[in-house]
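[1] Okay, predicted coordinates and the sequence, questions at the end:
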Amino acid sequence: MDGCEVTYNGESGTVYSSSKVSVFIPDNFDLADEDAFRQARNINLSTPDGVVRLDNQSSEARKRSDRAALLAMLYDQVGDFNFRHDDVAVTDPEDARIPVQIAIHGRAATACYFAVHGLSNDQIAASFGVGSRTISQYISDFQKGER
């Protein structure tokens, strides 16, 4: 695909990243990955249902491609869930909506969900009432499949 690379390839889907956007495309998606990426990266077109587009954020705690890889890992380890960009707001994390499929997998999965939405470890830690090193460990363990 033009100007993009695979930054994560998991059991449930693939993350494609370009200089401006990262896109998670589930493996069971009907459209060819190239077509889905082309449509999702174009801000003038709607992102296909089931595909998740992640843009850069102004005060990004993590690279967009890292957030997209965490999202793909969540799908790999948790299973299918309804991802919504407005579930967690960086400005009001205490008002977060966590899908039940994420919540039942515990704090590590929930910390990853917050991270996908752009929260820093300090912001996640404040919401959880723990230290930022604990959040870093949660996310690291989750990435390794240990939580």
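    That came through, no problem.
[2] can you dump the C-alpha coordinates of stretch 128-136 into PDB?
    Coordinates of each C-alpha in stretch 128-136 appear next as PDB, following Å, rounded to 0.1, in the frame of the first residue of the first chain:
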ATOM      1  CA  PHE A 128      -7.000   4.100  39.300                       C
ATOM      2  CA  GLY A 129      -5.600   5.500  42.500                       C
ATOM      3  CA  VAL A 130      -2.200   3.900  42.000                       C
ATOM      4  CA  GLY A 131       1.300   5.100  40.900                       C
ATOM      5  CA  SER A 132       2.200   5.600  37.300                       C
ATOM      6  CA  ARG A 133       4.900   2.800  37.500                       C
ATOM      7  CA  THR A 134       2.000   0.400  38.300                       C
ATOM      8  CA  ILE A 135       0.200   1.500  35.200                       C
ATOM      9  CA  SER A 136       3.400   1.100  33.200                       C
END
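[3] So for that stretch, what gets flagged as buried?
    Across stretch 128-136, burial judged by 16 or more other C-beta atoms under 10 Å covers Phe128, Thr134, Ile135. Just so you know, the C-beta spots here come from the backbone N, C-alpha and C atoms, and that holds for glycine as well.
[4] Distance of the first one relative to Leu74?
    This points to Phe128. For Phe128, the distance to Leu74 equals 17 Å [C-beta to C-beta, to the nearest Å].
[5] can you give me the strands in the chain?
    Ranges of strands within the chain are 5-9, 13-17, 21-26, 52-55, based on DSSP state E.
[6] follow-up on the earlier one: which among the buried residues of stretch 128-136 gets closest to Glu11?
    Ile135 (24.9 Å; C-beta to C-beta).
[7] so that closest one makes contact with Phe128?
    Yes - contact criterion C-beta atoms under 8 Å: Ile135 and Phe128 qualify, at 6.9 Å.
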